[in-house]
Structure formats: structure tokens, C-alpha cells
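[1] My questions concern the predicted model and sequence given below.
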Amino acid sequence: MPEAVNLAEKLALFTEHWSPKIVTTYNDNDIMVVKFDGEFPMHNHPETDDFFLVLDGHITIETEDGNVDLRPGELYVVPRGVMHRPIAHGEAKVLLIEPQGAPNSGDPATAATKVRI
């Protein structure tokens, strides 16, 4: 029987920050939830865009082209190759979409291991 994905329930399953959790897939993309707090390192994704949708909290996506402030219900897509970093102003809950296997830091050596929850 098909089941809906409850994002609030999935987010309640973990406490760590900057560790994306896969909740489902869509056309070879991972749909993930993650908790942000503080600053992530500056990086880029040469092969793919980077999708951020804020569910709760406030983040700024700092980019080489300027900054974008996001609050709940707002999203931004960082174009491929653009240097950027998310900065959370307190804990923020975010939905990410990335191609399966894409490293969240842009570098497989420093990327978080993504697990399905």
C-alpha cells in the first residue's frame, strides 16, 4: 500500500546537523531532509544544481553572486558550478534534492554519508 512521507516525523528521528537523510527518491534524485546549524564550508557542485527548501527556521545561501535569505516555504536553486554555502541562523530544517550519489560538499572526500530513514 502506498504511504505518504511525513517530513516532520522524519525530522524527529535524528538530531545531528549537516547530515542529510534520504526520505525518498524521484527520477534518480535523492529527496532529503537535513538540520542546519551554523555555517557549512564554501563549495560548489560542478555537475549539478543545488536545491534548498526551508521547512523551518532561517538560512542564508551565501554565493559568489550575492546572498539569498530563505525562510519557511521559500526555496532557492544554486546553479551548478556556483560557489556557495548555507548559513543557518539557529537550527533550520531543510528539504534538499540532489542527484543520487552527489556529494553534499561537492567533494566525495569530505561529503556526509547519506542514509535512508
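    Looks like it came in fine.
[2] shaky segments in this structure?
    Where the chain drops to pLDDT under 70, the residues are 105-107, 111.
[3] for it, which residue is closest to the average position?
    Centroid check for the chain by CA atoms, centre = their mean gives residue 96 as the closest residue, at 3.7 Å.
[4] these two touch, right, residue 82 and residue 46?
    No - Residue 82 lies out of contact with residue 46 (CB atoms under 8 Å); the separation is 9.9 Å. Yep, even glycine has a C-beta here, placed from its N, CA and C like the rest.
[5] Between those two, which has more neighbouring residues?
    residue 82 (16 against 8; other CB atoms under 10 Å).
[6] Regarding stretch 24-44, how distant is the last residue from the first?
    Stretch 24-44 has an end-to-end distance of 24 Å (criterion: CA to CA, to the nearest Å).
[7] so what's residue 91 closest to, chain neighbours aside?
    residue 37 (4.9 Å; CB to CB, 6 or more residues apart in numbering).
[8] Provide the secondary structure category for the one you found.
    The three-state label given to residue 37 by DSSP: H, G, I helix; E, B strand; the rest coil is strand.
[9] which residues touch the residue nearest to the centre of the chain?
    Taking CB atoms under 8 Å, 6 or more residues apart in numbering, we find residue 96 in contact with 20, 30-34, 50-53, 104.
[10] could you redo the last one with a cut-off of 10 Å?
    Residue 96 is in contact with 20-22, 29-34, 50-53, 86, 102, 104, 114, counting by CB atoms under 10 Å, 6 or more residues apart in numbering.
[11] Surely residue 48 touches residue 104?
    No - the pair residue 48 / residue 104 is not scored as a contact, 11.1 Å apart, by CB atoms under 10 Å.
[12] List the contacts of the residue nearest to residue 91.
    Residue 37 is in contact with 16-18, 57, 87-92, counting by CB under 10 Å, 6+ apart.
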